[in-house]
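1. Structure, please.
(one chain, ligands or ions: 1)
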Amino acid sequence: MRRISPVLQQDGVDSDLISLIKTILAACREISFRVSQGELAGVLGSTLSENVQGETQKKLDVIANELLKEVILETGVVKAISSEEEDDIIAGNPRGRYLVTFDPLDGSSNTDINSLIGTIFSILPAPADKEADDASMFLQPGTAQVAAGYVLYGPSTMLALTTGKGTRMYTLDKTYGGFLLTEDKVTLPKYTSEFAINMSNQRFWQTPMQNYIQDLLLGKEGPRGKNYNMRWIAAMVGDVHRILCRGGIFAYPADNKDANKPYKLRLMYEANPMSLLIEQAGGLSITGTERILEIQPDDIHQRVAVILGSRHEVETCLGYHQKAALAQQ
Ligand code: AFP
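-> Model prediction:
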């Protein structure tokens, strides 16, 4: 089985980017170890603080964030980093060629139940003409990402990675200590009969999403003419991993539960890297009205509606949104 460096070299990825990716993975190996130690390492449970998103921080959120920050800034090739757990960006080397954004521990509410969690990261080119503490550097659409990936801490620790030449999967070999290529060309099936959505929010969704999910629930007797199954891991990293493995559609749509927070997922830390992985595997990722990767961000912590997965199913969902928009004209 092949190691990461030769695979990336073969794709023409430059040596600075390869060493940056390997550094992120070194931190993830350490996080993986701490996660697997669980209560023995005293890493479970919450801290007393909240992050910039107003969410209670788990101890593992903080540990993962500190580990990633430290090693990434040490590489010298990074101009600044932006973390879901930090209010502001952190400046690195003013001459660094890359920007890194990350969600250090996605699905952290799963830590205490020994369920799936992961680290999501995205790498952008750093504009040469801006200061290292200028947050506007990060406001680039997802299409600008030079690499995106996640490390899933599950029964085995797995990496999904893209540098724009398809999506590959690697598995951490704990005896050797590195990630080995286990799926060279991840390809999403175009069709699916599996969906992932938090159904408890149903009454808060907008009409197109209500109608779309209603038709899935009607199964064989409804307009879709087949039965659908549902899965919800409560960690986007777990749901996206399943979709990369066997197809499906994942949605965290807009809702009106809290007027100040119509969307849940973050564009820079979750939606953009996951959208690139999904599209590089042949899938599609939209908000309901637009392609996520083309959104021009206006804030590093902004949130978006996310609908991603098997191409035909996402296109069908898009059709419900387009129909509703036409009816409103
Ligand atoms: P955390 O990273 O704060 O744990 O949030 C995870 C997440 O943003 C995403 O990974 C899940 O898909 C979603 O929240 C789950 O949300 P519900 O609370 O609605 O299940």
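
2. OK, contacts around the residue of the stretch 201-329 of the chain found nearest the ligand?
-> Closest residue of the stretch 201-329 of the chain to the ligand, Cβ to the nearest ligand atom: residue 236 (3.3 Å). C-beta here means a position set from N, CA and C on the backbone, and glycine is covered the same way. Counting by Cβ atoms under 8 Å, 6 or more residues apart in numbering, residue 236 touches 106, 107, 120, 250, 252, 265, 270, 274, 306.

3. So which of these are in strands?
-> When DSSP state E defines the strands, the subset of the contacts of residue 236 inside them is 106, 120, 250, 252, 265, 306.

4. What is the burial count for the first one?
-> Neighbour count of residue 106, defined by other Cβ atoms under 10 Å: 29.

5. for the fourth one, same thing?
-> Around residue 252 sit 22 other residues, with neighbours defined as other Cβ under 10 Å.

6. ok now do it, which residues does it touch?
-> Residues in contact with residue 252 (Cβ under 8 Å, 6+ apart) are 197, 198, 236, 263, 264, 265, 305, 306.

7. how about a cut-off of 10 Å?
-> By Cβ atoms under 10 Å, 6 or more residues apart in numbering, the residues touching residue 252 are 196-198, 201, 236, 239, 263-265, 270-271, 303-308.

8. need the contact list for the closest residue to residue 318 other than its chain neighbours.
-> Excluding its sequence neighbours, the residue lying closest to residue 318 (Cβ to Cβ, 6 or more residues apart in numbering) is residue 286, at 5.8 Å. Taking Cβ under 10 Å, 6+ apart, we find residue 286 in contact with 251, 275, 292-294, 304-308, 314-315, 317-318, 321.

9. between these, which is nearest residue 30?
-> residue 275 (27.3 Å; Cβ to Cβ).

10. Spell out which parts of the stretch 1-150 of the chain neighbour the ligand.
-> 55, 106, 107, 108, 109 (Cβ under 6 Å from any ligand atom).

11. Which of those residues has the largest number of neighbours?
-> Highest neighbour count within these, by other Cβ under 10 Å: residue 106, with 29 neighbours.

12. got the residues of the stretch 151-300 of the chain near the ligand?
-> Checking the stretch 151-300 of the chain against the ligand by Cβ under 6 Å from any ligand atom, the hits are 198, 234, 235, 236, 252, 264, 265.

13. Quick one: end-to-end distance for stretch 50-68.
-> One end of stretch 50-68 sits 19 Å from the other (Cα to Cα, to the nearest Å).

14. mind starting the numbering at 33 from now?
-> In the new count, where the first residue is 33, that last one comes out as stretch 82-100.

15. pLDDT on it, on average?
-> On average, the pLDDT along stretch 82-100 is 82.

16. How about stretch 121-131?
-> pLDDT averaged over stretch 121-131 gives 98.

17. Show me which residues of it are buried.
-> In terms of neighbour count (16 or more other Cβ atoms under 10 Å), stretch 121-131 has its buried residues at 121, 122, 123, 124, 125, 128, 129, 130, 131.

18. Just those residues: which are in helices?
-> Members of those lying in helices (criterion: DSSP state H): none.

19. Out of these, flag the one nearest to residue 199.
-> Of all those, residue 199 sits closest to residue 130, with 20.0 Å by Cβ to Cβ.

20. And the contacts of the lowest-mean-pLDDT helix or strand in the chain?
-> Sorting the helices and strands of the chain by mean pLDDT, DSSP states H and E puts strand 78-82 at the bottom, at a mean of 69. The contact list for strand 78-82, computed with Cβ under 10 Å, 6+ apart, reads 88-95, 117, 140-141, 143-144.

21. That strand pairs with which strands, parallel or anti?
-> strand 88-90 (antiparallel) (DSSP bridges).

22. how close does the residue nearest to residue 350 sit to residue 265?
-> Distance of residue 318 to residue 265, given as Cβ to Cβ, to the nearest Å: 21 Å.
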